[in-house]
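*Asks:* quick one, structure for this:
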Amino acid sequence: MIAMKKVHSKKIEFSTSCKLRLKELRDLESKIYIEWGGRDRLTSLVTKTLLVKFEKAEALFKNSLVLRDSQEIIKMVEMMFRAYAALISDCRDYGFKEIDPHVRCFDWDGQIWYVTDMDYQVPRAMNKHKAEGNVHFISIQELMRTIPKDLMEMRMEIAMMFQGSKFIEVKK
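*Replies:* Residues are numbered from 1 along each chain as shown. Model prediction:
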């Protein structure tokens with residue numbers, strides 16, 4: 001029989017200032033998600049050189065979280081603020097704009113999709129974002145028209161039988 005030594009890992013707490021700066025970074029990321037469609041959209045619009053620099057900064061930041069050194073994390077958070085500012089500045093320099101409140105941006109299988117609620121909103125989104133290259137546009141209204149009637153009826157029955165249920169995946 002092999003005796004195993006029980007190791008107690010000491011939980012390292014972040015300093016108050018570190019927690020505050022991390023919260024501020026998460027708030028900035030939430031704001032970027034709302035205003036710009038998130039990190040995926042921003043990184044798809046910038047130069048490759050800036051993208052590589054941003055990804056390096058992100059890796060350094062994530063590594064500092066693993067090391068759990070509050071002072072190092074604070075330095076890396078400051079670096080991430082500068083990195084996000086550089087992404088936004090680069091996007092603006094190339095004429096790219098924030099997304100409108102009625103438009104959502106998704107990275108679906110490596111492709112950027114702009115989704116509006118109604119069909120009539122698609123042309124405005126296209127006009128604003130078509131210069132971004134290989135992007136796609138669709139409305140929820142159009143998506144709803146593509147759902148077969150029997151599938152929609154089945155969905156309604158399930159929703160009535162099981163409150164809060166949702167489809168995860170539909171396979172053909």
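*Asks:* isn't L60 up against V77?
*Replies:* No: using C-beta atoms under 8 Å, L60 makes no contact with V77, being 10.8 Å away. Where C-beta positions appear, they are placed from N, C-alpha and C, glycine not excepted.
*Asks:* longest single helix anywhere in this protein?
*Replies:* Longest helix in the chain by number of residues, with DSSP state H as the criterion: helix 70-93.
*Asks:* could you point out the helix or strand that follows that helix?
*Replies:* Moving toward the C-terminus from helix 70-93, the next helix or strand (DSSP states H and E) is strand 103-108.
*Asks:* what about L60 and V77, which has more around it?
*Replies:* Per other C-beta atoms under 10 Å, whichever of L60 and V77 has more neighbours is V77, with 21 against 15.
*Asks:* where does pLDDT dip in the protein?
*Replies:* Low-confidence segments of the chain, defined by pLDDT under 70, span residues 1-12.
*Asks:* strands along that one, start to end?
*Replies:* Ranges of strands in the chain, per DSSP state E, are 103-108, 111-116, 135-139.
*Asks:* which one of those strands is the most hemmed in?
*Replies:* Highest mean neighbour count among the strands of the chain (mean count of other C-beta atoms under 10 Å): strand 111-116, with a mean of 19.
*Asks:* then that strand to CSV, C-alphas only?
*Replies:* The C-alpha trace of strand 111-116 is given here as CSV (Å, rounded to 0.1, in the frame of the first residue of the first chain):
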residue,chain,number,x,y,z
GLN,A,111,-17.8,33.9,-39.6
ILE,A,112,-19.0,37.3,-38.3
TRP,A,113,-22.8,37.6,-38.5
TYR,A,114,-24.8,40.8,-37.8
VAL,A,115,-28.3,40.1,-36.6
THR,A,116,-31.2,42.6,-36.4
